[in-house]
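> Here's my sequence, what's the structure:
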Amino acid sequence: MDTKCLSDNELIQRFVEGNSEAFNILLSRYRKKVYSYLLMLVKHKDIADDIFQETFIKVMRSLKEGRYEDNGKFMPWVSRIAHNMTIDYFRGQRQNNTVSGDTTDWATISGSDFSDLNVEEQSVNFEIRRDVRTLIDRLPAEQREIVVMRHYLELSFKEIADKLDININTALGRMRYAVLNMRRLAEEHNMVLEA
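I've put the predicted structure just below:
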């Protein structure tokens with residue numbers, strides 16, 4: 001049986017039993033989502049790389065130690081670890097008073113494969129994604145966090161509410177205001193967000 005077709009839980013079980021390839025498959029399934037989420041939060045490629053690596057080391061250890069209970073929510077569990085690692089990073093930076101104001105090179109967060117697109121289509125899609133990321137960056141932190149969790153991590157509003165320890169209606173409201181703010185900002189800056 002092809003291990004790539006196995007469920008997350010089956011891969012976790014095989015990894016715990018000593019099959020390191022099973023973990024590599026899990027990593028490849030969720031690499032893009034977790035990394036994009038981290039990059040969106042920290043806005044610096046090197047920092048996102050470090051936190052990404054620390055996140056998956058912690059995931060590996062937690063799995064080996066039996067600290068993951070299968071409830072069909074492996075990705076939300078991983079994203080929670082990534083979120084907590086990011087918070088720990090910022091706490092450390094705040095204590096050291098070294099938080100960077102660098103801007104993000106959004107070209108590194110390609111959410112889709114451009115190999116089938118011609119040069120003009122690639123350019124238009126890149127511009128749209130860059131504009132969307134610019135709009136997301138201009139949102140208040142609470143709204144930005146909801147947008148990232150919903151669209152980049154593909155979490156449900158219930159999962160978002162649980163992770164942030166807020167009411168689901170609060171999560172929905174923040175998303176609504178985020179969309180309205182993004183529309184307003186797009187109009188103010190004459191951004192066209194469709195190809």
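> lowest-confidence helix or strand of the protein?
Least confident helix or strand of the chain, by mean pLDDT, DSSP states H and E, is helix 119-138 with a mean of 70.
> end to end, how far does stretch 143-162 reach?
End-to-end distance of stretch 143-162 (Cα to Cα, to the nearest Å): 16 Å.
> and whichever strand or helix holds R91, what does it pack onto?
If you go by DSSP states H and E, R91 is part of helix 74-96. Here helix 74-96 touches helix 8-16, helix 20-42, helix 45-64, helix 157-164, going by 3 or more Cβ pairs under 8 Å, 6 or more residues apart in numbering; DSSP states H and E. For the C-beta atoms, the positions are set from N, CA and C on the backbone; glycine is no exception.
> can you rerun that using 6 Å?
The contact analysis (3 or more Cβ pairs under 6 Å, 6 or more residues apart in numbering; DSSP states H and E) places helix 74-96 against helix 20-42, helix 45-64.
> Give the buried residues for it.
Neighbour-count burial for helix 74-96, counted by 16 or more other Cβ atoms under 10 Å, picks out 74-83, 85-86, 89.
> what about D46, how many residues close to it?
As a burial measure, D46 scores 10 neighbours (other Cβ atoms under 10 Å).
> same thing with E154?
12.
> what does I25 give?
Neighbours of I25 (other Cβ under 10 Å): 18.
> Could you do C5 as well?
Count around C5 with other Cβ under 10 Å applied: 8.
> From I146, how far out is A48?
A48 sits 20 Å away from I146, going by Cβ to Cβ, to the nearest Å.
> ok, now E65?
The gap separating E65 from I146 is 32 Å, by Cβ to Cβ.
> higher neighbour count, those two?
The residue with more neighbours, out of E65 and I146, is I146; 26 against 9, by other Cβ under 10 Å.
> In contact with the closest residue in space to the more buried one that isn't next to it in sequence, which residues?
Among residues not flanking I146 along the chain, R174 sits closest, at 4.5 Å (Cβ to Cβ, 6 or more residues apart in numbering). Each residue near R174 by Cβ atoms under 6 Å, 6 or more residues apart in numbering is listed here: 142-143, 146.
> what does A171 give?
Counting by Cβ under 6 Å, 6+ apart, A171 makes contact with 146, 157, 160-161.
> same thing but 10 Å
By Cβ atoms under 10 Å, 6 or more residues apart in numbering, the residues touching A171 are 142, 145-146, 149-150, 155-164.
> what does M149 give?
If you count contacts by Cβ under 10 Å, 6+ apart, M149 has them with 37, 40, 76, 79, 83, 155-157, 159-160, 163-164, 171, 175.
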